[in-house]
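Q: Have a look; sequence and predicted model below, questions after that.
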Amino acid sequence: MQQEPYDVLQVQGAHPVKMWTRGVPVEEEARRQLANTARMPFIYKHLAAMPDVHLGKGSTIGSVIPTLGAVIPAAVGVDIGCGMMAAKTTLSANDLPDNLGKLRSAIEQAVPHGMSPKARGGKMRDKGSWDTPPHAVDQAWRALKDEFDVICQKTPKLRHSNNYKHLGTLGSGNHFIEVCLDEQGFVWFMLHSGSRGVGNAIGSHFIEVAKQDMRTHLANLPDQDLAYLKEGTQHYDDYVEAVGWAQKFARMNREVMMQNLIAAVRTVIKKPFETHVEAVNCHHNYVQKEHHFGKDVLVTRKGAVSARAGELGIIPGSMGARSFIVRGKGNPESFHSCSHGAGRTMSRTEAKRRYSVDDQVRATAGVECRKDEGVIDEIPMAYKDIDAVMAAQSDLVEVVHTLKQVVCVKG
């Protein structure tokens, strides 16, 4: 009898957790968090844990949570719609400038990131030079505004969030922009970001709404962050509408940044080139209705990517490791999912305590990127071995392209 490619975490009184983690370390805190989520009565069939699984806020990062009749806002989290976009170009390695610092500088000028005034919305867009092609942000916002106005009528405080101001901005932390080379030497542009301030505001609001709705039941939950909204209630409907909009915002945010990234590269590389020869734009923190095992269910992917048969996705490594463009195999046991990256092995605080700038310099040799104290928490050693992660999910995806970054921009 053929052995299944996953292990099963079975806890009394809980649904099974199928774990694609062979050869990859999983901390005990993450196992306990998975078990807590699996105890919720509305889980459908089982949870699926991806090989990059690790402890998260609200729910375990790297988990796939199918539910019937309820949704857990904290499982989706506050970085709603966070995900990746990648685009292959007709450029080759020989077309890149000898001085990659100029390329990184142009990208940093083109896309607001980190805690700069522009990224915080503190500078008027028409005063900056980064918003090219012209009106890219305004065009995207026009497609989002009407639905946002409806959402704000129901939740007025969202009007005062960073919404329009954050459209086309990268953020900080593990969000990044990279210029990569594939196995044939073709240049790819890749970026990682989500719904920014407005997504955070939506997520935070509904996490508190769920807790308030369940205030008499919180003591009975394995974790108060598992507070949920029941289908058929107004708050459930409001959340599904708002989270769906935030996911649209996140996808458009990546598209606007990609336009500005391409325009910035054209100022440095004068040779004409095409982009989107192959392109992928995928979420990895989101919820949507899907059909699995004969039923329509809500599937929350917290740090996981849809991997339906033939569907393209992106699995990035750390800022010093390889990344992968993958094609899904449509494995039903994972709810057609795969990992969203390498996954952290330690907290940001621990990474800063353990490693130095010299360690960061060595770990990112050959990559044009920041090499200072501000990015030590993103050092490659704070992440799992991406090759082990890929090996553990060989029945979930196949590798289409292998990418290695040569430029990395972080906030």
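A: Arrived safely.
Q: Residue 273 reaches residue 87, doesn't it?
A: No - using CB atoms under 8 Å, residue 273 is not in contact with residue 87, being 11.1 Å away. C-beta: built from backbone N, CA, C; applies to glycine.
Q: Those two: which is more packed in?
A: residue 87 (20 against 16; other CB atoms under 10 Å).
Q: who's the residue lying closest to residue 64 once chain neighbours are set aside bridged to?
A: Excluding the flanking residues, the one nearest residue 64 by CB to CB, 6 or more residues apart in numbering is residue 48, at 4.0 Å. Beta-bridge pairing of residue 48 under DSSP bridges involves residue 18, residue 64.
Q: Number of residues surrounding residue 48?
A: Neighbours around residue 48, by other CB under 10 Å: 29.
Q: Check residue 144 too.
A: Count around residue 144 with other CB under 10 Å applied: 19.
Q: can you pull the contacts of it?
A: Residue 144 sits next to 167, 245, 248-249, 252 when contact means CB atoms under 8 Å, 6 or more residues apart in numbering.
Q: Just the helices from the stretch 101-250 of the chain, written as ranges.
A: Counting by DSSP state H, counting those that start in this stretch, residue ranges of the helices within the stretch 101-250 of the chain are 136-154, 196-213, 234-268.
Q: got those as CSV, with distance to residue 344 columns?
A: CSV is the format used below for the helices of the stretch 101-250 of the chain (distance: least, CB to CB, whole Å):
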stretch, distance to residue 344
helix 136-154, 31
helix 196-213, 20
helix 234-268, 21
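Q: Turn the ones you listed into a markdown table, including mean pLDDT and distance to residue 7.
A: Listed next are the helices of the stretch 101-250 of the chain as a markdown table, based on pLDDT from 0 to 100; distance: least, CB to CB, whole Å:
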| stretch | mean pLDDT | distance to residue 7 |
| --- | --- | --- |
| helix 136-154 | 95 | 41 |
| helix 196-213 | 96 | 31 |
| helix 234-268 | 97 | 31 |
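Q: Show me which residues of stretch 228-244 are buried.
A: Going by neighbour count (16 or more other CB atoms under 10 Å), the buried part of stretch 228-244 is 228-229, 235-236, 238-240, 242-244.
Q: go on, stretch 323-335?
A: For stretch 323-335, the neighbour count (16+ other CB under 10 Å) marks 323-329, 331, 333-335 as buried.
Q: Closest one of these to residue 281?
A: Nearest to residue 281 out of those is residue 325 (CB to CB; 12.2 Å).
Q: so the closest one bridges to which residues?
A: The partner residues for residue 325, given DSSP bridges, come to residue 314, residue 401.
Q: Settle this for me: it is touching residue 305, isn't it.
A: No - Residue 325 lies out of contact with residue 305 (CB under 8 Å); the separation is 11.4 Å.
Q: Quickly list what's touching both of those two.
A: In contact with both residue 325 and residue 305: 313-314, using CB under 8 Å, 6+ apart.
Q: ok, now how distant is residue 165 from residue 192?
A: Going from residue 165 to residue 192 by CB to CB, to the nearest Å gives 20 Å.
Q: do the same with residue 307
A: For residue 307, the distance to residue 192 - CB to CB - is 18 Å.
Q: what does residue 240 give?
A: 25 Å.
Q: still on that earlier bit, out of the contacts of residue 144, who has the most neighbours?
A: Result: residue 249 is most packed of these (other CB under 10 Å), 28 neighbours.
Q: number of nearby residues for residue 322?
A: For residue 322, the count of nearby residues is 19 (other CB under 10 Å).
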